[in-house]
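> when you get a sec, could you give me coordinates for this:
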Amino acid sequence: MKIAFIHSFKITKRNDKYYSLGFPYKIWERYLTVFEEVVVVSRLNKKRNNKKLVQSSGDNVTFKPVKSYNSIFSYFTNYRAIKKELEEVLDDVDGAIIRVPSVLGALAAKICREKNKKYSVEVVGSGFNALWYHGTLGKPFAFIAEYLQRKTVKKSAVAVYVTEDYLQSKYPTQGIPFGKVSNVTVEKNNKEKSYEINRNTPIRIGLVGSSFVKYKGHYTALKTLEVLLKKEYNVVLSLVGQGPSKYLDDNIKKLNLKDNIEILGVLHTREQMNEWYKSLDFYVQPSFTEGLCRSIIEAIDNGVPTYASNVGGNPESVSQEYLFNKKDYKHLAQLVSEAIDNPNIAINNIEKNKKKIEKFKTTDVEKRRKKAFETYKKIVKENLK
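Down below sits the predicted model:
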C-alpha cells in the first residue's frame with residue numbers, strides 16, 4: 001500500500017537526494033513497518049548550502065515537494081497551483097497521513113474529503129497558539145488556522161495525538177483516536193545523577209527554543225535570572241536553539257545580563273543534547289504554549305530538575321508542584337531558589353517527573369503508533385473495495 005505523508009516542513013534537494021533539518025530517513029521507517037511505500041509531500045527549501053541537514057532519502061520513500069507553496073502569502077496567491085500539485089499526489093496514493101498543524105495538510109485533507117479518500121492525522125500541536133504568539137502578523141491567521149485544524153482532525157478516519165489528553169480535548173475526532181503517541185521517547189532509563197550543586201562554579205539553568213519566536217518564554221527566563229542574581233545566587237542561563245534574535249539581544253542588554261548568559265545555538269545530535277542536559281543544574285520551559293514539549297522530556301530523562309509553565313501538554317510531563325503560570329518569573333525564581341537551598345527538593349523533582357514520563361518509553365510508544373497505522377490501513381482497504 002502506498003501512502004502520502006503531508007506536512008509543511010522544508011525539504012532540500014541535492015544531487016537527486018533529499019535532506020531536511022528534522023526528518024531523517026529513520027522517521028519514514030516508522031511508516032514502512034506497516035505501509036510498503038511512502039510519498040513525502042512538503043515545502044521545497046531553495047537554499048541548499050546548509051551543511052547541518054540530515055539525509056531524508058532512502059528505500060521505498062519518494063519526495064513530491066509542492067513548488068508553488070513557500071509562504072503563507074503564496075498559499076493565497078498560488079492556491080490553484082498548490083491544490084493541483086496536491087491532487088496529483090493524492091490521486092496516485094491509497095491514503096494520506098497528515099501531520100498538523102500544517103497549511104498544506106489542511107488543504108490535503110479538504111481534497112481527500114472531496115475525493116472520498118480516507119485520511120489519518122498526527123496532531124502534534126496547536127496552529128492557533130503557534131501563530132497567535134508568533135507576532136502581530138500571525139494573529140489574523142491564527143483564527144483561520146484554528147478553524148482548519150479543527151475541521152481537519154474532526155473529519156479524519158484515525159487521529160494520532162502526541163499528548164495524553166490536552167490535544168484530544170482541543171481537537172476531537174469523529175474517527176478513531178490514539179493518544180500518547182509521542183514524537184519524543186524515553187530511549188533508556190537514565191539513572192538519576194547524584195544531585196549536588198557545586199557552589200564554586202555558576203549554577204547552570206537551561207532553556208531550549210528558538211529566540212525568533214516569543215512564545216518560548218525567553219523574556220520570562222531572563223527576568224527569572226535577574227531575580228536570582230539580585231538574591232546573590234551565582235547563576236548562568238544557557239540557551240540552546242535558533243538565535244540570538246534581536247529581541248533576545250535587546251533584552252539581555254536592557255536587563256544587563258550579558259555576563260550571565262551562554263548562547264550555544266542549535267545542537268544537532270541527540271548525543272550533543274544529552275551532554276548539554278547533563279551539564280545543567282536545572283531546566284526551565286517558560287513557554288506561553290506547548291503541545292508535547294520534547295525538551296522537557298529529554299531534560300527529565302537526563303536527570304535534570306525541571307520546571308515548566310502550566311500550559312498545553314506541559315502538565316502531562318511535569319509534576320504539579322513544579323509548574324508555574326506563564327510569564328510568572330517571580331514564582332519560577334522562587335521554585336529554583338528553593339531547590340538551590342535544599343537539594344532534597346531538586347531530588348524529589350527528578351523522581352516525581354521521571355514517573356510522569358514513564359508513558360513515553362520507546363517500546364510502548366512504538367506499539368501504540370503501529371496499532372494506529374494498522375487500524376488506518378484496514379480502513380483504507382475497506383474504502384478501496
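> which residues does the residue lying closest to residue 24 once chain neighbours are set aside bridge with?
Spatially, and ignoring its direct neighbours in sequence, residue 24 is nearest to residue 54 (4.5 Å; Cβ to Cβ, 6 or more residues apart in numbering). From N, CA and C alone the C-beta is placed, and that goes for glycine too. On the basis of DSSP bridges, residue 54 is bridged to residue 20.
> just give me the neighbour total for residue 54.
15 (other Cβ atoms under 10 Å).
> is it in contact with residue 18, as I believe?
No. Contact status for residue 54 versus residue 18: not in contact, 10.3 Å apart, counting by Cβ atoms under 8 Å.
> end to end on stretch 162-174, go ahead and measure it.
One end of stretch 162-174 sits 18 Å from the other (Cα to Cα, to the nearest Å).
> check what contacts that stretch and list those residues.
The set of residues external to stretch 162-174 that reach it, using Cβ atoms under 8 Å, 6 or more residues apart in numbering, is 100, 121-126, 149-150, 153-156, 158-159, 161, 177, 179-183, 291-292, 312-313, 315-316, 359.
> let's see it at 6 Å
Contact with stretch 162-174 is made by 123-124, 150, 153-154, 156, 159, 161, 179-180, 182-183, 291-292, 312-313, 316, as judged by Cβ atoms under 6 Å, 6 or more residues apart in numbering.
> got the buried residues for the host helix or strand of residue 148?
For residue 148, the host element (DSSP states H and E) is helix 139-154. Residues of helix 139-154 classed as buried under the neighbour-count rule (16 or more other Cβ atoms under 10 Å) are 141-142, 145-146, 148-150, 152-153.
> show me the domain layout of this structure.
2-185+362-384, 203-358 (automatic domain parsing).
> closest to residue 197 out of those domains?
Set against residue 197 and scored by Cβ to Cβ, the domains of the chain come closest in domain 203-358, at 5.7 Å.
> quick one: end-to-end length of the closest one, please.
End residues of domain 203-358 are separated by 28 Å (Cα to Cα).
> then stretch 41-60?
Length of stretch 41-60, first residue to last, Cα to Cα: 14 Å.
> in it, what's buried?
41-45, 53, 56-58.
> the host helix or strand of residue 88 packs against which elements?
In this structure, residue 88 sits in helix 79-91 according to DSSP H and E. In terms of contacts (3 or more Cβ pairs under 6 Å, 6 or more residues apart in numbering; DSSP states H and E), helix 79-91 is packed against helix 103-114.
> which elements pack onto the very next helix or strand once past the helix it packs on?
The helix or strand immediately downstream of helix 103-114 is strand 119-123, counting by DSSP H and E. For strand 119-123, the elements it packs on are strand 95-100, strand 158-161, judged by 3+ Cβ pairs under 6 Å, 6+ apart.
> at 7 Å what do you get?
Contacts defined by 3 or more Cβ pairs under 7 Å, 6 or more residues apart in numbering; DSSP states H and E place strand 119-123 against strand 95-100, helix 139-154, strand 158-161.
> now the longest one against strand 119-123, angle please.
Put simply, helix 139-154 runs at 130 degrees to strand 119-123, going by axes from the mean of the first three to the mean of the last three Cα atoms, to 10 degrees.
> can you list the residues that contact helix 139-154?
Contact partners of helix 139-154, identified using Cβ atoms under 7 Å, 6 or more residues apart in numbering, comprise 72, 98, 100-101, 105-106, 109, 121, 123, 127-128, 131-132, 159, 171-174.
> where does the chain dip in pLDDT?
Residues of the chain meeting the criterion pLDDT under 70: 48-51, 134-138, 187-194.
> element containing residue 168, please.
Taking DSSP H and E as the criterion, residue 168 maps to helix 166-170.
> convert the C-alpha atoms of that helix to PDB, please.
Taking C-alpha atoms only, helix 166-170 is exported to PDB below (Å, rounded to 0.1, in the frame of the first residue of the first chain):
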ATOM      1  CA  TYR A 166      -4.600  18.100  26.000                       C
ATOM      2  CA  LEU A 167      -4.700  18.000  22.200                       C
ATOM      3  CA  GLN A 168      -7.500  15.400  22.200                       C
ATOM      4  CA  SER A 169      -9.800  17.800  24.200                       C
ATOM      5  CA  LYS A 170      -8.800  20.700  21.900                       C
END
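> now that helix: buried residues?
By 16+ other Cβ under 10 Å, the buried positions in helix 166-170 come out as 166-168, 170.
> can you check stretch 97-116 too?
For stretch 97-116, burial by neighbour count (16+ other Cβ under 10 Å) applies to 97-112.
> quick one: neighbours of residue 251, just the number.
Neighbour count of residue 251, defined by other Cβ under 10 Å: 17.
> which ones are touching it?
By Cβ under 7 Å, 6+ apart, the contact set of residue 251 is 219, 222.
> could you list the buried residues of the longest strand belonging to the chain?
In the chain, assigned by DSSP state E, the strand with the most residues is strand 2-14. Across strand 2-14, burial judged by 16+ other Cβ under 10 Å covers 3-12.
> how far off helix 103-114 does that strand point, in degrees?
Angle, strand 2-14 to helix 103-114, by the same axes, to 10 degrees: 150 degrees.
> now the angle between strand 95-100 and strand 2-14, please.
Using the same axes, to 10 degrees, the direction of strand 2-14 lies 60 degrees away from that of strand 95-100.
> partners of strand 2-14 in the sheet?
Strand pairing for strand 2-14, using DSSP bridges, gives strand 17-20 (antiparallel), strand 37-44 (parallel), strand 95-100 (parallel).
> contact partners of the shortest one?
The reference is to strand 17-20. 9-12, 53-57, 63.
> repeat the analysis, applying 10 Å as the threshold.
Here strand 17-20 makes contact (Cβ atoms under 10 Å, 6 or more residues apart in numbering) with 9-13, 25, 27, 40, 42, 44-45, 48, 50-58, 61-63, 65.
> mind naming the longest helix for this structure?
Counting residues, the longest helix found in the chain (DSSP state H) is helix 362-384.
> perfect, I'm done here.
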